[in-house]
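[1] take this sequence and fold it.
(2 chains)
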There are 2 protein chains.
Amino acid sequence: MAGEIFGEPHRVLYYEADFTGKLTTANILNLAILASGDQGEELGMGTSEIHAQNIGWVILQYHIDITRRPSVGEEIVITTQADHYNPYFAVRNFWLETPSGEKLVAIRAIFTMIDMEARKMVRIPQIVMETYKADRVKKIERIPNPAQLTEAELPDVGHNYYHVRFFDIDHNHHVNNAHYFTWMQDPLGADFLTHNEVVDINIKYESEIRYGSEINSYYKVLPAVDGIVTTLHQIRVEGELMTEAEMKWRAVTA
Amino acid sequence: MAGEIFGEPHRVLYYEADFTGKLTTANILNLAILASGDQGEELGMGTSEIHAQNIGWVILQYHIDITRRPSVGEEIVITTQADHYNPYFAVRNFWLETPSGEKLVAIRAIFTMIDMEARKMVRIPQIVMETYKADRVKKIERIPNPAQLTEAELPDVGHNYYHVRFFDIDHNHHVNNAHYFTWMQDPLGADFLTHNEVVDINIKYESEIRYGSEINSYYKVLPAVDGIVTTLHQIRVEGELMTEAEMKWRAVTA
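    Got it, this is the predicted structure:
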């Protein structure tokens, strides 16, 4: 079953790509959220309607499966669907494809809803999910946790500092979640990022990062297994774990 | 007279806006360069054709006159025209407008051309500017220099450090010029940036900033004159002046 499907076209613009000429993972996320926002508007359940009820969506976790990142100038189609939900969690799918249906990226996301003032989880209003025609379930299909760095190994792994900038804050007055990818991937360095292509990301958001925070982005590169390198990531602010991720990469063949 | 006019539509996306819900000046620049790139492609003078001759365009200076920054969701039209040129400099205009013709932003840019290997200025090939039907002149109309911070006052003005990240490099393997706006404006802080709206930017690029550089972004806020606050900016790397700018701001009326 699952809910209403919404799609929209997009041309990959040069400023959405990186050194390799491909759409950044940060912008893959931006485009996914763009499509879900546009679906919300179309169904009369956009951010403004939701915020008017003093509630808001919060992302908990993404699993991103990347077959091929599209290149500058490529036309793509972003599709999204509210899949299933229970009173506290909603699972949404996204797909990036070429107009002829070549699969580029598949994303599964788990959202929850919070009271905007109390900043506490609330039940998702029935009317919201009925509007999206999502399936009501008892238990949602969870995304496994990303493999973790242990606290004991943090002093020995690589890391880099980032400052949350004014321009990292979006018009909803929160740090745009896509920036986490920049903070997590940048410390890997140009050599790693040009010789490895990310194929799988599991990112879990624990706590909200705020403007002006000093971020410590830890990473560990595990030895390759069957040609796939795994990297583990943690973002901490004043020692507190804010976000963790596991990414898988394949070597770029020239 | 002046040359061929090229325009294209764009919807302002949420990830192109800042905390205020308006298109960032960095993305105003990105959209301008997008339009000139698309015009180049249409005329068979795109980046790939130019680079194939081992030459490339380099921006020297922008003057940006902002009447109103468009908001998230707004449809705009970006128009550009190669205006006039002499053997070493080309002057290009850009306009951002609403579909009904309300003027939002006007930009004048001065470009030069370099040999990609020697990284030295070269004569702009006649055929390039003839393709754009730009006016050939003896002397181009220069943009005045931005008002300058003096070296003597640098120790006493505000500043902040930025590291050039992997994702600041574009598919042409250079730092995207639009990031300079982020590095220059971010140090002004959220309070300044939410209570003042930029109306005029004069930015002059002196030297190319490279991946991995540690940027020192200096700024000075001058006292308001007739309700307009002027800020002066310098970006230095290891003490060397890379870029300077003068920005004018009006107080935001709630």
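
[2] from here on, just use CA atoms for contacts and neighbour counts.
    Will do.

[3] dump the longest helix seen in chain A to CSV, restricted to CA.
    Using DSSP state H, we find that the single longest helix of chain A is helix A:25-42. Provided in CSV are the C-alpha atoms of helix A:25-42 (Å, rounded to 0.1, in the frame of the first residue of the first chain):
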residue,chain,number,x,y,z
THR,A,25,25.4,14.1,-0.4
ALA,A,26,24.4,17.3,1.4
ASN,A,27,22.4,18.4,-1.6
ILE,A,28,20.9,15.0,-2.1
LEU,A,29,19.4,15.5,1.3
ASN,A,30,18.4,19.1,0.5
LEU,A,31,16.5,17.9,-2.6
ALA,A,32,14.8,15.1,-0.7
ILE,A,33,13.5,17.5,1.9
LEU,A,34,12.5,20.0,-0.9
ALA,A,35,10.3,17.3,-2.4
SER,A,36,8.6,16.4,0.9
GLY,A,37,8.1,20.1,1.6
ASP,A,38,6.5,20.5,-1.8
GLN,A,39,4.3,17.5,-1.3
GLY,A,40,3.2,19.0,2.0
GLU,A,41,2.3,22.3,0.4
GLU,A,42,0.3,20.5,-2.3
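
[4] from the contact counts, what lies against that helix?
    strand A:5-11, helix A:47-52, strand A:75-85, helix A:179-185 (3 or more C-alpha pairs under 8 Å, 6 or more residues apart in numbering or on different chains; DSSP states H and E).

[5] run the angle between whichever helix or strand residue A:113 is part of and strand A:75-85 for me.
    Taking DSSP states H and E as the criterion, residue A:113 maps to strand A:103-115. Here the directions of strand A:103-115 and strand A:75-85 differ by 40 degrees (axes from the mean of the first three to the mean of the last three C-alpha atoms, to 10 degrees).

[6] what is the burial count for residue A:138?
    Using other C-alpha atoms under 10 Å in any protein chain shown, the number of residues around residue A:138 comes to 9.

[7] per-residue pLDDT, it?
    We have a pLDDT of 96 for residue A:138.

[8] what's near enough to touch residue A:219?
    A:157-159, A:184, A:187-188, A:231-234 (C-alpha atoms under 8 Å, 6 or more residues apart in numbering or on different chains).

[9] from residue B:232, how far off is it?
    Between residue A:219 and residue B:232 the distance is 38 Å, computed by C-alpha to C-alpha, to the nearest Å.

[10] again, but for residue A:137
    Between residue A:137 and residue B:232 the computed distance is 58 Å (C-alpha to C-alpha).

[11] just residue A:180 next, same as before
    31 Å.

[12] ditto for residue A:164
    Applying C-alpha to C-alpha to residue A:164 and residue B:232 gives a distance of 23 Å.

[13] who in chain A is up against chain B?
    A:13-15, A:17-22, A:30, A:34, A:165-173, A:176, A:182, A:186, A:189-190 (C-alpha under 8 Å from any C-alpha of the partner chain).

[14] and the strands in chain A?
    A:5-11, A:55-66, A:75-85, A:90-97, A:103-115, A:120-122, A:135-136, A:158-163, A:196-205, A:214-221, A:228-237, A:240-251 (DSSP state E).

[15] residue B:75 is nearest to which of those strands?
    strand A:5-11 (14.7 Å; C-alpha to C-alpha).

[16] and the closest one, which strands flank it?
    strand A:75-85 (antiparallel) (DSSP bridges).

[17] count the residues that sit near whichever residue of the stretch 151-254 of chain A sits closest to chain B.
    Closest contact between the stretch 151-254 of chain A and chain B, by C-alpha to the nearest C-alpha, is at residue A:171 (4.4 Å). The tally of other residues near residue A:171 (other C-alpha under 10 Å) stands at 20.

[18] so what does it look like in phi/psi?
    phi -70, psi -10 (degrees, to the nearest 10).

[19] my guess is it meets residue B:18, correct?
    Yes: with contact defined as C-alpha atoms under 8 Å, residue A:171 reaches residue B:18; the gap is 5.7 Å.

[20] least trustworthy helix or strand in chain A by mean pLDDT?
    Least confident helix or strand, chain A: helix A:47-52 with a mean of 90, by mean pLDDT, DSSP states H and E.

[21] tell me what that helix is packed against?
    helix A:25-42.

[22] mind putting the strands of chain A into JSON lines with distance to residue B:55?
    Below are those laid out as JSON lines (distance: least, C-alpha to C-alpha, whole Å):
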{"stretch": "strand A:5-11", "distance to residue B:55": "27"}
{"stretch": "strand A:55-66", "distance to residue B:55": "35"}
{"stretch": "strand A:75-85", "distance to residue B:55": "28"}
{"stretch": "strand A:90-97", "distance to residue B:55": "35"}
{"stretch": "strand A:103-115", "distance to residue B:55": "34"}
{"stretch": "strand A:120-122", "distance to residue B:55": "57"}
{"stretch": "strand A:135-136", "distance to residue B:55": "57"}
{"stretch": "strand A:158-163", "distance to residue B:55": "36"}
{"stretch": "strand A:196-205", "distance to residue B:55": "30"}
{"stretch": "strand A:214-221", "distance to residue B:55": "39"}
{"stretch": "strand A:228-237", "distance to residue B:55": "38"}
{"stretch": "strand A:240-251", "distance to residue B:55": "32"}
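
[23] pLDDT weak spots in the stretch 1-150 of chain A?
    Applying pLDDT under 70 to the stretch 1-150 of chain A flags the ranges A:1.

[24] kindly report the same for the stretch 151-254 of chain A.
    A:254.

[25] returning to what we had before: who touches the longest helix of chain A?
    Residues contacting helix A:25-42 (C-alpha under 8 Å, 6+ apart): A:6-8, A:16-17, A:46-47, A:78-81, A:94-95, A:178-182, B:13-15.

[26] buried only: go through those for me.
    Those of the contacts of helix A:25-42 that meet the buried threshold are A:6-7, A:16-17, A:46-47, A:78-81, A:94-95, A:178-182, B:13-15, by 16 or more other C-alpha atoms under 10 Å in any protein chain shown.

[27] ok, residues contacting stretch A:101-108?
    The set of residues external to stretch A:101-108 that reach it, using C-alpha under 8 Å, 6+ apart, is A:62-70, A:91-98.

[28] kindly recompute the last result at 7 Å.
    The contact list for stretch A:101-108, computed with C-alpha atoms under 7 Å, 6 or more residues apart in numbering or on different chains, reads A:62-69, A:92-97.
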